[in-house]
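In: A predicted structure for the sequence below; I have some questions about it.
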Amino acid sequence: MMKLLIAYDGSPCAEAALDDLRRAGLPSEAEVIVLSVADVWMPPAPPEGEQHIRSDFEARIAAARQQARTQALQAVEEARALAARASERLQAYFPDWTVHPEACADSPAWGIVRKADEWQPDLVVVGSHGRSALERVVLGSVSQKVLTAAHCSVRIGRGRGTESGSPVRVVIGVDGSPGADAAVRAVAGRLWRPGSEARVIAVLDATLLATAMEWVAKGDAEAYTRVQTMVDTAAETLRAAGFIASSLVREGEPKQVLVTEAEDWGADCIFVGARGLRGLERFLLGSVSAAVAARAHCSVEVVRPRAQNT
């Protein structure tokens, strides 16, 4: 059974990420934790047996510590109520899911990552921005840190206002790496609406061709044949899974081409591997995957092969 860890903070982007799950091809049965993280520091409880305080200063410190702890506990309860609200909504979307609301006190990103390390889900879902002003300016620290630090696949959910029951369009960026292969398998292994479409795209970066799969040079016929065969094979895998699938080979900078192609085509989600070929920018987070996640107008799912989920 698929395991999902869904981060939720009550922000509009978190709401959009919940709605987006109805267009993610997810199974009808899954085990789910909805986690809300109270962004507070939890002071330690006073030592047992602390009976006397020797000075007014110590008394003020003890009172401040107790007040901070009370406020932190209140914040965790508020986070728990948020998680419960989101869980009820998910249960309405997916009646056969087993959904557990949870809350903790931590920095939001590391609270999510720590829970993922402990529980080892197949997929972590986060919104593109959180509630703070900083989160609205950039792909916030929370989404970016989770994307970088998690050891499992991560989905940055963005709703596009499309009807949940309509066919879905997905773009898969491939480069012949295990991560890209895992992305194709992840898409092919899910349950999609009839008529859903997939577009497999390989992007030839002129500055990297010398090391990419021993491609000889830009424009080399044999190199293009290999790449075309790669995307065609991936497209055939997706057709076997019920997609209307097509394949493209483009030239340019991968992080720009994938985003542009997805936007022009009206894609609902871009799937990419977390790491590409050695020497090919490796689809390394901080380069292609992170840039696509930050720039895309649709959802982005960064896929790590199952062997890396440990």
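Out: Noted; the coordinates are in hand. Residues are numbered from 1 along each chain as shown.

In: show me what contacts the residue nearest the centre of the chain?
Out: Against the mean C-alpha coordinate of the chain, by C-alpha atoms, centre = their mean, the closest residue is Arg155 at 2.1 Å. Contacts for Arg155 (C-beta atoms under 8 Å, 6 or more residues apart in numbering) come out as 17, 20, 24, 123-126, 269, 299-302. In this view, the C-beta of every residue, glycine as well, is placed from N, C-alpha and C.

In: just the residues you listed: which are in helices?
Out: 17, 20 (DSSP state H).

In: could the contacts of Arg155 go into JSON lines alongside distance to Asp181 and neighbour count?
Out: Below are the contacts of Arg155 laid out as JSON lines (distance: C-beta to C-beta, whole Å; neighbours: other C-beta atoms under 10 Å):
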{"residue": "Ala17", "distance to Asp181": "26", "neighbour count": "26"}
{"residue": "Asp20", "distance to Asp181": "24", "neighbour count": "24"}
{"residue": "Ala24", "distance to Asp181": "20", "neighbour count": "21"}
{"residue": "Leu123", "distance to Asp181": "17", "neighbour count": "25"}
{"residue": "Val124", "distance to Asp181": "21", "neighbour count": "27"}
{"residue": "Val125", "distance to Asp181": "22", "neighbour count": "28"}
{"residue": "Val126", "distance to Asp181": "24", "neighbour count": "30"}
{"residue": "Cys269", "distance to Asp181": "18", "neighbour count": "25"}
{"residue": "Ser299", "distance to Asp181": "21", "neighbour count": "27"}
{"residue": "Val300", "distance to Asp181": "18", "neighbour count": "30"}
{"residue": "Glu301", "distance to Asp181": "15", "neighbour count": "23"}
{"residue": "Val302", "distance to Asp181": "14", "neighbour count": "28"}
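
In: ok so, going back, buried residues in the helix or strand where the residue nearest to the centre of the chain lies, which are they?
Out: Counting by DSSP states H and E, the element that carries Arg155 is strand 153-157. The neighbour-count check on strand 153-157 (16 or more other C-beta atoms under 10 Å) flags 153-157 as buried.

In: least confident secondary structure element in this structure?
Out: helix 133-137 (a mean of 40; mean pLDDT, DSSP states H and E).

In: hang on, the earlier thing: hey, what's the residue nearest to the centre of the chain bridged with?
Out: Applying DSSP bridges to Arg155 gives these bridge partners: Val125, Glu301.

In: if I look at it, how far off is Leu5?
Out: For Arg155, the distance to Leu5 (C-beta to C-beta, to the nearest Å) stands at 10 Å.

In: what sits in contact with each of these two?
Out: Shared contacts of Arg155 and Leu5 (C-beta under 8 Å, 6+ apart): 123-125.

In: and which of the residues you listed is nearest Ala86?
Out: Of all these, Val125 has the smallest distance to Ala86: 10.8 Å, by C-beta to C-beta.

In: any idea of the pLDDT on the closest one?
Out: Val125 is assigned a predicted lDDT (pLDDT) of 97.

In: what of Glu78?
Out: Glu78 carries a pLDDT value of 93.

In: pretty sure it contacts Ala38?
Out: Yes. Checked against C-beta atoms under 8 Å, the pair Glu78 and Ala38 is within contact range at 6.9 Å.

In: ok, the two, which is more surrounded?
Out: Counted by other C-beta atoms under 10 Å, Glu78 and Ala38 do not tie: Ala38 has more neighbours, with 24 against 14.

In: circling back: reformat the contacts of Arg155 as CSV; add distance to Val227.
Out: Written out in CSV, the entries for those read as follows (distance: C-beta to C-beta, whole Å):
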residue, distance to Val227
Ala17, 33
Asp20, 31
Ala24, 28
Leu123, 29
Val124, 31
Val125, 32
Val126, 32
Cys269, 23
Ser299, 26
Val300, 23
Glu301, 23
Val302, 22
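
In: where does the prediction get shaky in the stretch 101-250 of the chain?
Out: Applying pLDDT under 70 to the stretch 101-250 of the chain flags residues 130-140, 161-164, 206-221, 223.

In: just the strands in this structure please.
Out: With strands called from DSSP state E, the chain shows them at 2-7, 30-38, 98-105, 123-127, 153-157, 169-173, 197-204, 244-251, 269-273, 299-303.

In: burial of Asp267, as a residue count?
Out: Quick fix: residue 267 is Ala, not Asp. Counted by other C-beta under 10 Å, the residues lying close to Ala267 total 25.

In: actually Glu77, not the one I typed
Out: By the criterion of other C-beta under 10 Å, Glu77 has 12 neighbours.

In: quick one: residues contacting it.
Out: Ala103.

In: repeat that for the one 10 residues further on.
Out: With contacts defined as C-beta under 8 Å, 6+ apart, Ser87 is in contact with 32, 34, 99-101.

In: good, wrapping up.
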